[in-house]
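K.L.:
Quick one: sequence plus predicted model below, questions after.
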Amino acid sequence: MDGMMYYGALLLIAFFVFSMLRTNHGVMAFIGLVVGIYIVYSHETGHTATEFKNELVKKVDEKAPVFNHDLDKEEALKRLGN
């Protein structure tokens, strides 16, 4: 059943891109094409934008304590060069 939804989404996007090209809406056709490419890529590889976002958030969380420390006003101004 999941496979049928995949092909249905691709057909719907192909129709969308075709109709946008026929009505001279090139930007919308390009956006639709990019969405279609993303669907095929994520289906074939299993990589999604959510996984990428989660990895990025995890890396930022690991590095955040280095930048998260209290400075008094004079020390902060010294570091800024004022």
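P.N.:
Yep, that arrived.

K.L.:
contacts, neighbours, all on C-alpha from now
P.N.:
Will do.

K.L.:
Now the residue of the chain most remote from its centre: which helix or strand?
P.N.:
Ranked by distance from the centre of the chain (CA atoms, centre = their mean), the top residue is Glu74, with 40.2 Å. Using DSSP states H and E, Glu74 sits in helix 73-80.

K.L.:
give the contact list for the residue farthest from the centre of the chain.
P.N.:
Applying CA atoms under 8 Å, 6 or more residues apart in numbering, we find Glu74 in contact with no residue.

K.L.:
quick one, helices of this protein?
P.N.:
2-22, 26-45, 49-67, 73-80 (DSSP state H).

K.L.:
Work out the gap between the third one and the centre of the chain.
P.N.:
Helix 49-67 has its average C-alpha position 14 Å from the chain's average C-alpha position, going by CA atoms, centre = their mean, to the nearest Å.

K.L.:
from here on, count from 47
P.N.:
From this message on, residue numbering opens at 47, which makes the last subject helix 95-113.

K.L.:
C-alpha coordinates for that helix, CSV please?
P.N.:
The C-alpha coordinates for helix 95-113 follow below in CSV (Å, rounded to 0.1, in the frame of the first residue of the first chain):
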residue,chain,number,x,y,z
ALA,A,95,15.5,16.1,6.0
THR,A,96,14.3,15.3,9.5
GLU,A,97,17.3,13.0,10.1
PHE,A,98,19.6,15.8,8.9
LYS,A,99,18.0,18.3,11.2
ASN,A,100,18.2,16.0,14.2
GLU,A,101,21.9,15.4,13.6
LEU,A,102,22.5,19.2,13.3
VAL,A,103,20.6,19.9,16.5
LYS,A,104,22.6,17.2,18.3
LYS,A,105,25.9,18.8,17.2
VAL,A,106,24.8,22.2,18.2
ASP,A,107,23.7,20.9,21.6
GLU,A,108,27.1,19.3,22.1
LYS,A,109,28.9,22.6,21.3
ALA,A,110,26.5,25.0,23.2
PRO,A,111,28.0,24.6,26.7
VAL,A,112,31.3,26.1,25.3
PHE,A,113,29.5,29.3,24.4
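
K.L.:
Can you tell me what sits against that helix?
P.N.:
By CA under 8 Å, 6+ apart, helix 95-113 touches no other residue.
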